[in-house]
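Novice: just a sequence and a predicted model for now, questions to come.
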Amino acid sequence: MMRFLPILMAAAAAAFAQAPTLPPEIERLSKDARETVTVTMDAKLLQFAAAFLSERNPEEARVKKMVAGLKNVVVRSFEFDRDQTYGAAELNALRSQYSTGGGWQKAVEVRSKLGENTDVYFRPQGQELNGLAVVVAEPRELTVVYVEGAIKPEEVADLGGHFGLPRFGRRSWR
Amino acid sequence: MRKAILLAVLTAVALPAADDFEVLVRSLESHYGKRKMGIPLMGLVNFAVKVAKPHGARGLRLAIFEDVGRHPEPESLAKMVGLDWKPFVRVDGQNEQTFIYAKPAGKDWKLMVATLEDSEAVVVELKVNPKELAEWMEDPKGRARGSRGEER
């Protein structure tokens, strides 16, 4: 039994590290997508990588400090060959996941004439956040980022551009 | 009887840990019902990788399956790779899928990359140094594309 304990523990950890499932309307988009990418990074992987961020570079130092509190980062990205493969119904199903309970609050909403729209949701816990979700909807690409762990609101912008996350508009976050 | 049990337990403990790459290859051979392709000069490739260490990669191992039928389902593949490997990147294209699993290996990490396309399957195991893994994590999508020979 003891020989299997590490495997059982790893399996249990993997099971708990799962991001919230996406609504069926979004999962169905995989069939029409040219490419669907899923990136999963748990605390061990994140902290290992963060060890190589430089303390001398102010931005990297901030990311390194923040990553210490993260438990899980999952990025799901759908790329399409043509515009309008997904519509308002799919987007609403996705957005409603973060607006109907679960302690999520919409923090940022960016709407662009070019059809590049971003929604950011926080899950507050005391003075910090314990979750962050980003939905980036573009005409040919839909990306959902889920971050679990202790995050300070003022540190959120620093996470953009790292670990496969989209770079956030820094000015709009401060 | 007690001796037999003791012997069985000792044998199980004394046996070296299963080689994940070989286990995966054997599982795929069983699934596809055919052997992996023989790759001439693979030893030379490994030697070149060992000397040159492209992108910090070492211990490259490669298995190719050609003219295969139905690929394993993702859940089955994960079991074949081993539950102690962490799913890291998954790319679902229209005609191919790439699965990348990661596992710590001392001071390094091992990556197991399985690419399943049409009638071909390619499995690569490589050891990357921490810096290289950090680079993978900075651009996992691009690296996954790169591992399939696509432009990043």
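Specialist: Received the coordinates, thanks.
Novice: ranking helices and strands of chain B by mean pLDDT, which lands last?
Specialist: In chain B, the helix or strand scored least confidently by mean pLDDT, DSSP states H and E is helix B:2-14, which has a mean of 53.
Novice: after that helix, which helix or strand is next? Please name it.
Specialist: Going down the chain from helix B:2-14, the next helix or strand is helix B:20-32, by DSSP states H and E.
Novice: give me the residues contacting that following helix.
Specialist: Under the contact criterion C-beta atoms under 8 Å, 6 or more residues apart in numbering or on different chains, helix B:20-32 has outside partners B:35-36, B:61, B:63, B:65, B:68-69, B:72, B:76, B:80-82, B:85, B:103, B:110, B:112, B:114, B:121, B:123, B:125. C-beta coordinates here come from the backbone N, C-alpha and C atoms, glycine included.
Novice: which ones among the residues you listed are found in helices?
Specialist: Secondary-structure check on those using DSSP state H: residues within helices are B:76, B:80, B:81.
Novice: redo those residues as JSON lines? Include neighbour count and pLDDT.
Specialist: Converted to JSON lines, these look like this (neighbours: other C-beta atoms under 10 Å in any protein chain shown; pLDDT from 0 to 100):
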{"residue": "B:76", "neighbour count": "12", "pLDDT": "96"}
{"residue": "B:80", "neighbour count": "20", "pLDDT": "96"}
{"residue": "B:81", "neighbour count": "22", "pLDDT": "96"}
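Novice: which single one of these is nearest to residue A:46?
Specialist: The shortest distance between residue A:46 and any of the ones in helices among the contacts of helix B:20-32, using C-beta to C-beta, involves residue B:81 and amounts to 21.0 Å.
Novice: would you mind measuring from the closest residue to residue A:76 other than its chain neighbours to chain B?
Specialist: With sequence-adjacent residues excluded and distances taken as C-beta to C-beta, 6 or more residues apart in numbering or on different chains, residue A:76 is closest to residue A:144, at 4.7 Å. Computed with C-beta to the nearest C-beta, to the nearest Å, the distance linking residue A:144 and chain B is 14 Å.
Novice: need the pLDDT of residue A:144.
Specialist: In this prediction, residue A:144 carries a pLDDT score of 90.
Novice: tell me what it is bridged to.
Specialist: Beta-bridge partners recorded for residue A:144 (DSSP bridges): residue A:76, residue A:135.
Novice: list the residues that contact the residue nearest the centre of chain A.
Specialist: The residue lying closest to the centre of chain A (C-alpha atoms, centre = their mean) is residue A:145, at 2.0 Å. With contacts defined as C-beta under 8 Å, 6+ apart, residue A:145 is in contact with A:73, A:74, A:75, A:76, A:132, A:133, A:134, A:135, A:136, A:165, A:166.
Novice: which stretches of the chain have low pLDDT?
Specialist: In the absence of a named chain, chain A is used. Counting by pLDDT under 70, chain A shows low-confidence ranges at A:1-20, A:100, A:163-174.
Novice: let me rephrase: I mean chain B.
Specialist: Using pLDDT under 70, the flagged stretches of chain B are B:1-18, B:40-57, B:130, B:140-141, B:144-152.
Novice: can you rerun that using 50?
Specialist: In the predicted model of chain B, residues B:11-16, B:151-152 satisfy pLDDT under 50.
Novice: quickly note the distance from residue A:104 to chain B.
Specialist: For residue A:104 relative to chain B (C-beta to the nearest C-beta), the value is 25 Å.
Novice: how far away is the residue nearest to that residue when sequence neighbours are not counted from chain B?
Specialist: If the residues on either side of it in the chain are set aside, residue A:104 comes closest to residue A:98, at 4.2 Å by C-beta to C-beta, 6+ apart. Counting by C-beta to the nearest C-beta, the gap between residue A:98 and chain B amounts to 23 Å.
Novice: can you name the residues that contact residue A:82?
Specialist: Residues touching residue A:82, when contacts are defined by C-beta under 8 Å, 6+ apart, comprise residue A:140.
Novice: swap the cut-off to 10 Å and go again
Specialist: Contacts of residue A:82 were listed using C-beta atoms under 10 Å, 6 or more residues apart in numbering or on different chains, and they are A:32, A:34, A:139, A:140.
Novice: touching, the last one and residue A:77? I think so.
Specialist: No - proximity of residue A:140 to residue A:77 does not meet the contact threshold set by C-beta atoms under 10 Å, at 11.2 Å.
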